[in-house]
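Peer 1: sequence first, then the predicted structure, then my questions.
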Amino acid sequence: MFDKMQCFGVSVVLVGGRMCMGMRRLAVRRRPRWLCSTEMGLDRETIFALATGPVTRSGVAVMRISGPTSKTCAEALLSPGVGLPGPRTAAVRKLFAPHQRNRAEGRELLDNALVIWFPGPKSFTGEDVVELHLHGSRSVIAGISDALSQWARPAERGEFSRRAFANGRMDLTEIEGLADLLAAETPAQRRQALGQMGGGLSERYERWRGVAKRCLAYAEAVIDFGEDVEDSVLHSIRPQVELLKNEISSSIQDRGKGEIIREGLRIVILGPPNAGKSTMLNALAKRPAAIVSPIAGTTRDTIELRLELAGYNVVVTDTAGLRRDTHDIIEEEGMRRARDAASEAHIALFIRDCQALDAASDEIMVRELMESNPDIQVLHIINKVDSPDVEQMLSQPRDANVISCKTGRGLEHFMQKLECLVRDTLESSEESITITRTRHRFHLRECENALEQFLQNFGVAPLDMAAEDLRIATLELGKVTGVVHVEEMLDLIFSEFCIGK
């Protein structure tokens, strides 16, 4: 039998009932590097910043102070003999400038503020934190900032969150979830960010890492104590690795839906010149976002517009008209950009003028579109059907949406259809999303490759060589949550935050 227990801080492995403490690379459990703040370059100075964003006129502005002397800094703003309220208790306090303006007047009153003290480690950063809920005028904020700068320094971008990470309050995926929540514009982005910030992704990644670590421990036990380990231990490794690899591979093959919710579903409007593409953009935006004229070729460049559709963030791109018989270099460049936009889109709205239908040419355009982007979904639209008489004369594909952007005919039905397509594309898998950033996908692919290499080497190459692939897989999973980190990666992640976070 093979089991593992803790004894005086040392990992003890039981093999066949015997206690073996000599396992290489698994003997001593060290504190994770990411919990060591000195390795992250944190100097433990007390810092302060406005947690409610840039200085603007508002009803309330929250000044956050964090560090070993945060309580002392806040008490220095109070009257002598008046202290901070009890932990996690809100109370109103008068805040004064630290020095007298003159002997007659005494210390200057800066604000009447709501003060809350959060003793560490049960605070956002894991340190002692004081929050001052001020009146949100520029004068009050400037006065308090000037006063605090005598004992603390202004925080850098993302420094509060970085300290929370260093003190083990949040891991990297939870930090990224917080950043996404602060940037959320749609209900879907909010739901995804809250799930991630609440540890939804961390739990899954750590479960996978636990499986990889267990298989690695089994392999190490066989390497070091082969004669004393039962054969069933060795034979149990491969099925577990195969199951783990299949689960990770399945999560990678999600068509990037987590990233799409974060960054926006891309919809491109395509079609021949003067088919009504810019009018369609204006209809989606519900405002005159693009210039519209009866002159063919009015739109020469791509026009991008962000809007909310069916509760999701979408990026709609209007493009230049597509045709073959042109020698205008500007128009050719516009068509190239249109094709580039189509190659990156998730949904294409292919619009044609009901009075200028060319089935053969349209079929070629759609075929070329599908060849450049096989996963794109195409909605066919017949525009400028301004009366029922015109519709009766048409011969169009069965799945075409017959509309008139000019009169609004058929637009409501088309919008409902488009919203359903957006929901079907993203909503069905929203609860099972495991990848929300390119960084996650890269490390999971590296982990998948390492597990595949292990399965190929298992039983063929020496076990210690195969075990190295398990070690790589474990490290790659650890990089996602920050158990194993690279300093440059942390700089990039925390730079996304505002100063007060």
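Peer 2: Nice, thanks for sending it over. Numbers count the residues shown, from 1 in each chain.
Peer 1: and D146, how close does it get to V55?
Peer 2: Applying CB to CB, to the nearest Å, the value for D146 to V55 is 13 Å. For glycine as for every other residue, the C-beta is placed from the backbone atoms N, C-alpha and C.
Peer 1: sorry, wrong one. I was asking about P462.
Peer 2: 63 Å.
Peer 1: what of G158?
Peer 2: Look at G158 and V55: by CB to CB, they are 18 Å apart.
Peer 1: these two: which is more packed in?
Peer 2: G158 (22 against 14; other CB atoms under 10 Å).
Peer 1: which strand runs longest in this structure?
Peer 2: strand 107-118 (DSSP state E).
Peer 1: quick one: strands adjacent to the very next helix or strand once past it?
Peer 2: The element immediately downstream of strand 107-118 (helix or strand, assigned by DSSP states H and E) is strand 129-136. Its sheet considered, strand 129-136 pairs with strand 58-66 (antiparallel), strand 107-118 (antiparallel) by DSSP bridges.
Peer 1: not counting sequence-adjacent ones, nearest residue to A74?
Peer 2: Using CB to CB, 6 or more residues apart in numbering and skipping the chain neighbours, the partner closest in space to A74 is V130 (4.2 Å).
Peer 1: so that neighbour touches L77, yeah?
Peer 2: No - contact status for V130 versus L77: not in contact, 9.8 Å apart, counting by CB atoms under 8 Å.
Peer 1: which parts of the stretch 251-400 of the chain are helices?
Peer 2: 257-263, 277-285, 329-343, 359-372, 388-392 (DSSP state H, counting those that start in this stretch).
Peer 1: for L349, find the nearest of the ones you listed.
Peer 2: Among those, the nearest to L349 by CB to CB is helix 277-285 (6.5 Å).
Peer 1: any idea of the angle the closest one forms with helix 329-343?
Peer 2: 40 degrees (axes from the mean of the first three to the mean of the last three CA atoms, to 10 degrees).
Peer 1: show me what helix 277-285 is packed against.
Peer 2: strand 265-270, strand 303-309, strand 312-318, strand 347-353, strand 377-383 (3 or more CB pairs under 8 Å, 6 or more residues apart in numbering; DSSP states H and E).
Peer 1: let's see that helix as PDB, backbone CA atoms only.
Peer 2: Extracted in PDB, the C-alpha atoms of helix 277-285 (Å, rounded to 0.1, in the frame of the first residue of the first chain):
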ATOM      1  CA  LYS A 277     -24.100  47.500 -44.500                       C
ATOM      2  CA  SER A 278     -23.500  50.800 -42.800                       C
ATOM      3  CA  THR A 279     -27.300  51.200 -42.400                       C
ATOM      4  CA  MET A 280     -27.300  47.900 -40.600                       C
ATOM      5  CA  LEU A 281     -24.500  49.000 -38.300                       C
ATOM      6  CA  ASN A 282     -26.600  52.100 -37.400                       C
ATOM      7  CA  ALA A 283     -29.600  49.900 -36.800                       C
ATOM      8  CA  LEU A 284     -27.700  47.700 -34.400                       C
ATOM      9  CA  ALA A 285     -26.200  50.800 -32.700                       C
END
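Peer 1: who touches G334 in this structure?
Peer 2: Going by CB atoms under 8 Å, 6 or more residues apart in numbering, G334 touches T299, R300, D301, T302, T319, A320.
Peer 1: ok, the closest residue to G59 other than its chain neighbours to A90 distance?
Peer 2: Distances taken as CB to CB, 6+ apart place G136 nearest to G59, at 5.8 Å, with adjacent residues excluded. Distance, G136 to A90, by CB to CB: 17 Å.
Peer 1: who has more neighbours, those two?
Peer 2: Neighbours were tallied for G136 and for A90 using other CB under 10 Å; the higher tally belongs to G136 (17 against 12).
Peer 1: state the distance from that one to V55.
Peer 2: Distance of G136 to V55, given as CB to CB: 8 Å.
Peer 1: intersection of neighbour lists for the two?
Peer 2: With contacts taken as CB under 8 Å, 6+ apart, G136 and V55 have A61 as neighbours in common.
Peer 1: nearest to A290, of the contacts of G334?
Peer 2: Of the contacts of G334, the one sitting nearest to A290 (CB to CB) turns out to be T299, at 6.7 Å.
Peer 1: which residues does the closest one contact?
Peer 2: K277, S278, A290, I291, D318, T319, A320, G321, G334.
Peer 1: can we see that at 6 Å?
Peer 2: For T299, the contact set (CB atoms under 6 Å, 6 or more residues apart in numbering) comprises S278, A320.
Peer 1: does L95 count as helix, strand or coil?
Peer 2: Three-state call for L95 (DSSP: H, G, I helix; E, B strand; the rest coil): strand.
Peer 1: equivalent analysis for the one 3 residues further on, please.
Peer 2: Each residue gets one of three states, and P98 gets strand by three-state DSSP.
Peer 1: also R207?
Peer 2: From three-state DSSP, the assignment for R207 is helix.
Peer 1: same thing with V140?
Peer 2: With three-state DSSP as the basis, V140 sits in helix.
Peer 1: surely it touches L134?
Peer 2: Yes - the criterion here is CB atoms under 6 Å, and V140 meets it with L134 at 5.2 Å.
Peer 1: who's more crowded, the two?
Peer 2: Higher neighbour count among V140 and L134: L134, with 24 against 19, using other CB under 10 Å.
Peer 1: let me see the contact set for that one.
Peer 2: L134 touches A61, M63, D111, A113, V140, counting by CB under 6 Å, 6+ apart.
Peer 1: beta-bridge partners for it, please?
Peer 2: A61.
Peer 1: low pLDDT regions in this protein?
Peer 2: Residues of the chain meeting the criterion pLDDT under 70: 1-43, 100-105, 226-231, 233, 296-297, 387-398, 428-432, 484-501.
Peer 1: at 50 instead, please
Peer 2: Within the chain, the segments meeting pLDDT under 50 span 1-41, 486, 488-489.
Peer 1: buried stuff in stretch 374-382?
Peer 2: Across stretch 374-382, burial judged by 16 or more other CB atoms under 10 Å covers I376, V378, L379, H380, I381, I382.
Peer 1: okay if I get these as CSV plus distance to R441?
Peer 2: CSV is the format used below for those (distance: CB to CB, whole Å):
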residue, distance to R441
I376, 20
V378, 26
L379, 28
H380, 32
I381, 33
I382, 39
